[in-house]
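Sequence first, predicted coordinates after that:
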Amino acid sequence: MRIEWEEVPWYRDALVLPHARERELEETELYRAGKIYLQSLSSMLPPLFLGAEAGEEILDMTAAPGGKTTQLYCLSGGLAHITACEKDAARFARLKYNLARQGATRVNAMCADALRLDEFLRFDKILLDAPCSGSGTLDTRCESKISERLVENSAVLQKKLLSKALRLLKKGGTLVYSTCSVLPQENEEVVAQAEREGGELVPVQAFPALPLLPSAAGTVCVCPTPRYEGFFLAKIVKH
C-alpha cells in the first residue's frame with residue numbers, strides 16, 4: 001500500500017494523509033503495531049498546549065478513546081505519571097486498548113467518573129477535553145441540528161468538571177480546557193468561571209497556519225475546515 005503524506009507545519013510528529021482511507025490504514029502493520037495513531041489535527045492541540053515533562057503528575061479527566069493521553073505520554077518520553085479517567089465502560093475498554101497498542105504502559109487508567117475523584121489527589125497539570133455539543137464537528141450538509149437544551153446541559157457539566165479540575169490542581173499548576181465546540185456558552189462562558197474559583201487565564205498563542213475564529217482574548221478557537229475540526233482551547237493556572 002502506497003501512502004501519500006504531507007507535513008504539518010506546527011507539529012513534526014503529525015502527518016496528513018490526504019488520500020488514505022481509515023479502514024485501509026487500520027489494516028496496515030504500522031497501525032496494528034501502534035506505530036501510527038489516527039486522529040484529527042485539532043485534537044492534537046490540547047496536549048501540545050499543556051505539555052508534559054518527566055516526573056509530572058498529570059490527569060486526563062475524560063480520556064477515551066486515548067489519543068490525547070498517549071500523546072501526553074509521548075511528549076514526556078513515557079516518564080510523566082499520567083492518570084486517565086473514563087466513566088463509560090465501553091469507552092474505557094477502547095481507552096485501555098489504545099494505551100496498550102501505543103505502548104503507554106505506565107498510564108494509570110481508571111474506569112471512574114472524574115467528578116468523583118478523591119480530592120486528596122493533586123496534579124501538576126490537568127487536561128479537561130470536556131464533553132460538548134460537538135458543534136465544531138458538524139458537516140454543513142448534515143440536517144442534524146444542535147438543540148438549545150443539549151448546549152445548556154453540556155455547559156452545566158463542563159462547569160462542574162472545570163470546578164473539580166481546579167480543586168484537584170496543585171497551586172501553580174496548569175489546566176488546559178478544550179472542546180470540539182465553537183459556541184461561547186461552552187467555551188468562553190465556562191472558562192470565565194475559573195477566575196471566580198482561583199484560576200487565572202494565561203494567554204496562549206495559536207500556531208501559524210491554524211484557521212481561526214474570533215474568540216476571547218488569550219484563547220484559541222479553530223475554525224472548522226475540510227482539514228480541521230472546530231475546536232476551542234484555553235489555558236488556566238491556579239493561584
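Yes, it's here.

quick one, domains of the chain?
With domains defined by automatic domain parsing, the chain comprises 1-38, 40-238.

starting at the chain centroid, how far to the first one?
Between the centre of domain 1-38 and the centre of its host chain there is 20 Å, according to Cα atoms, centre = their mean, to the nearest Å.

number of nearby residues for Asn187?
Neighbourhood size, Asn187 [other Cβ atoms under 10 Å]: 28. All C-beta atoms are positioned from the backbone trio N, CA, C, and that covers glycine.

Regarding the protein, what is its longest helix?
The longest helix of the chain (DSSP state H) is helix 148-168.

quick one: contacts of that one?
Residues outside helix 148-168 that contact it (Cβ atoms under 8 Å, 6 or more residues apart in numbering): 59, 61-62, 114-115, 117, 119, 121-123, 126, 128, 130-133, 135, 175, 177, 179, 181, 183, 185-186, 189-191, 193-194, 197-199, 236, 238.

which residues does Arg227 contact?
With contact set as Cβ under 8 Å, 6+ apart, Arg227 has these partners: Val16, Leu41.

could you show me where the strands are in the chain, in order?
6-8, 11-16, 57-60, 81-85, 108-110, 123-129, 169-179, 199-202, 220-222, 231-238 (DSSP state E).

and the third one, which strands flank it?
In the sheet containing strand 57-60, the strands it pairs with under DSSP bridges are strand 81-85 (parallel), strand 123-129 (parallel).

Run the angle between the last one and helix 148-168 for me.
Angle, strand 123-129 to helix 148-168, by axes from the mean of the first three to the mean of the last three Cα atoms, to 10 degrees: 170 degrees.
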